[in-house]
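Chemist: Using only what follows, build the 3D model:
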Amino acid sequence: MSDALRALASLLRSGLTLRHALLSWPAEAGGVSEDIRAVAQRVQLGYPLADALEGAHFESLLRPLFELHLASGIDLARWLDHHADEMDDRRAFLQSARAASSGAALSGRMVAGLPLLFIPFTPMTRASLMDPLGLAMLSVGIALALAGLHWIGRLVPRAPADDPIASLCGHVAALLRAGLCLSNALDLACAGTVPALGSSLARARALVRLGAKWPEALLSADPRFAPLSTVLERSTRMGSPLAGQLEELAAARRAESRRSFERTMKRAPVLMVVPLTCCILPSYALLGLGPFLRSISLG
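Modeler: Reported below is the predicted structural model:
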């Protein structure tokens with residue numbers, strides 16, 4: 001999708017109108033999807049440009065921007081490039097995070113699953129598994145091994161979701177750079193751009209319509225908006241450019257989220273000592289060493 005958005009931005013930047021860009025979009029987009037073909041076909045049939053997006057998986061993302069571009073001439077290409085860059089950055093981070101967490105999980109589970117490998121070799125010890133003691137050792141050993149596997153799986157961190165405040169800041173900054181004023185950019189960003197903040201943004205939007213200023217409205221709607229509110233208030237008071245400050249805030253929050261994930265990844269092998277000690281080592285003793293000792297005691 002990021003390549004498709006860049007292709008559309010490139011067509012717009014070459015001087016084509018939005019209608020002609022959409023007609024050429026399927027030929028330029030890499031990995032053309034049925035949605036893009038359907039949009040081009042609707043445009044060719046004479047649909048209004050915003051209505052041509054109906055049913056596409058990117059309709060909610062592009063429809064309000066198409067309408068703004070047609071109504072006020074905002075720089076749609078700049079916003080498309082920004083969103084494509086965010087998608088690529090997020091995908092690269094997810095791939096790196098999944099590779100790191102998968103490696104840690106695989107190592108831990110291989111060690112945790114080793115006691116289960118003793119089960120097929122237990123008959124070679126000539127110790128009975130069908131007497132009460134043998135069944136108890138087998139069932140408790142398997143239970144401990146499975147508990148260790150589950151515990152280790154829970155200790156391996158998953159890639160964090162994108163910070164919603166960072167996503168909101170980046171979106172508002174892109175709209176400002178595309179040519180919207182602050183009020184319109186915030187109003188559009190509040191219209192369902194970040195689903196995780198939907199209800200809070202709706203409250204902030206309602207407070208603004210009642211006469212509140214955006215910094216106060218955001219802070220009253222949700223304490224999570226405090227950093228954004230501070231940046232808006234400082235920019236309004238000092239008259240400094242806002243888009244750059246919002247981009248810096250978004251980058252700082254994403255960097256902190258990723259550093260936190262890296263710290264958690266580094267702690268995971270240390271924390272795995274607990275399930276290895278409490279579950280895996282006793283499972284080794286019951287499934288591996290126990291039958292051998294029983295066979296010796298029975299002669």
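Chemist: Check the gap between residue 247 and residue 253 for me.
Modeler: 11 Å (CB to CB, to the nearest Å). All C-beta atoms are positioned from the backbone trio N, CA, C, and that covers glycine.
Chemist: shared neighbours, the two?
Modeler: Shared contacts of residue 247 and residue 253 (CB atoms under 8 Å, 6 or more residues apart in numbering): residue 169.
Chemist: neighbours around residue 225, how many?
Modeler: By other CB atoms under 10 Å, the residues close to residue 225 number 22.
Chemist: Residue 165 is in contact with that one, correct?
Modeler: Yes. Using CB atoms under 8 Å, residue 225 makes contact with residue 165 at a distance of 7.1 Å.
Chemist: And stretch 266-280, how far out from the chain middle?
Modeler: How far stretch 266-280 lies from its chain's middle: 27 Å, per CA atoms, centre = their mean, to the nearest Å.
Chemist: how's the protein carved up into domains?
Modeler: Using automatic domain parsing, the domain ranges for the chain come out as 2-73, 90-299.
Chemist: between the ones you listed, which gets nearest to residue 79?
Modeler: domain 90-299 (4.6 Å; CB to CB).
Chemist: Average pLDDT for that closest one, rounded please.
Modeler: Across domain 90-299, the average pLDDT comes to 79.
Chemist: Reformat the domains of the chain as JSON lines; add distance to residue 79.
Modeler: Compiled in JSON lines, the domains of the chain are given as follows (distance: least, CB to CB, whole Å):
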{"stretch": "domain 2-73", "distance to residue 79": "6"}
{"stretch": "domain 90-299", "distance to residue 79": "5"}
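Chemist: The residue most central in space within the chain sits in which helix or strand?
Modeler: Central residue of the chain (CA atoms, centre = their mean): residue 161, 3.5 Å from the mean position. Using DSSP states H and E, residue 161 sits within no helix or strand.
Chemist: Okay, residue 183 and residue 61: tell me how far apart.
Modeler: For residue 183, the distance to residue 61 (CB to CB) stands at 21 Å.
Chemist: Those two: which is more packed in?
Modeler: Legend: neighbour count by other CB under 10 Å for residue 183 and residue 61, higher for residue 61 (16 against 11).
Chemist: List the contacts of the more buried one.
Modeler: Counting by CB under 8 Å, 6+ apart, residue 61 touches residue 83.
Chemist: Please point out which parts of the helix or strand containing it sit buried.
Modeler: Under the criterion of DSSP H and E, residue 61 resides in helix 59-72. For helix 59-72, burial by neighbour count (16 or more other CB atoms under 10 Å) applies to 59, 61-66, 68-70.
Chemist: Please apply the same query to stretch 242-251.
Modeler: Buried residues in stretch 242-251, defined by neighbour count with 16+ other CB under 10 Å: 242-243, 245-247, 249-250.
Chemist: what would these look like in TSV with distance to residue 262?
Modeler: Listed next are the buried residues of stretch 242-251 as TSV, based on distance: CB to CB, whole Å:
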residue	distance to residue 262
242	30
243	29
245	26
246	25
247	22
249	21
250	19
